[in-house]
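**Q** Below are the sequence and a predicted model; questions follow.
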Amino acid sequence: MTTTTAPTEVAVITISTTERKDVQEEFGLLELYDKMTFTQKIVIGLLCSVVALEGIYLFALVIKYIAEWFILLLVVTRRANQLRIQL
């Protein structure tokens, strides 16, 4: 007969599928999607695509805007250093 100590013991917890609800079923997303017609699904897909593309475009604009301001800041500081040297 072997004895086990506390650090070597392992507790296993199992969750059966009947104990928890599926997230999609909980919010009724599958039922809503199943009730849509094919054209409604196409329109929703196109709208989601447009919104995603607009988000990517806005992100690119923000990066471009920050880069332009950074370059402008570098030019101004370089010019300020040149003016200090001349004085």
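**A** Alright, I've got the coordinates. Numbers count the residues shown, from 1 in each chain.
**Q** can you count the residues close to residue 11?
**A** 4 (other C-beta atoms under 10 Å). Yep, even glycine has a C-beta here, placed from its N, CA and C like the rest.
**Q** before we move on, what SS does it have?
**A** Secondary structure, DSSP: H, G, I helix; E, B strand; the rest coil: residue 11 is coil.
**Q** so what's the backbone phi/psi at it?
**A** phi -100, psi 130 (degrees, to the nearest 10).
**Q** Residue 84 - how many residues pack around it?
**A** The number of residues packed around residue 84, counting by other C-beta under 10 Å, is 8.
**Q** pLDDT at it, what is it?
**A** Predicted confidence (pLDDT) for residue 84: 80.
**Q** Next: residue 65.
**A** On pLDDT, residue 65 comes in at 96.
**Q** show me what contacts it?
**A** By C-beta atoms under 8 Å, 6 or more residues apart in numbering, no residues touch residue 65.
**Q** Point me to the helix or strand that includes residue 43.
**A** For residue 43, the host element (DSSP states H and E) is helix 38-86.
**Q** what's the following helix or strand after the lowest-mean-pLDDT helix or strand in the chain?
**A** For the chain, the helix or strand with the lowest mean confidence is helix 23-27, at a mean of 63 (criterion: mean pLDDT, DSSP states H and E). As assigned by DSSP H and E, the chain's next helix or strand after helix 23-27 is helix 29-35.
**Q** tell me the mean pLDDT over that next one?
**A** Helix 29-35 comes out at a mean pLDDT of 78.
**Q** May I have the phi/psi pair for residue 9?
**A** phi -80, psi 140.
**Q** That one: neighbouring residues, count only.
**A** The tally of other residues near residue 9 (other C-beta under 10 Å) stands at 7.
**Q** Residue 38 too?
**A** 7.
**Q** which intervals of the protein have sub-threshold pLDDT?
**A** For the chain, the stretches flagged by pLDDT under 70 are 1-7, 14-27, 87.
**Q** can you rerun that using 50?
**A** Where the chain drops to pLDDT under 50, the residues are 1.
**Q** Got the phi and psi for residue 10?
**A** Note on residue 10: backbone dihedrals following degrees, to the nearest 10 are phi -120, psi 130.
**Q** which residues sit in contact with it?
**A** Neighbours of residue 10 in contact, by C-beta under 8 Å, 6+ apart: none.
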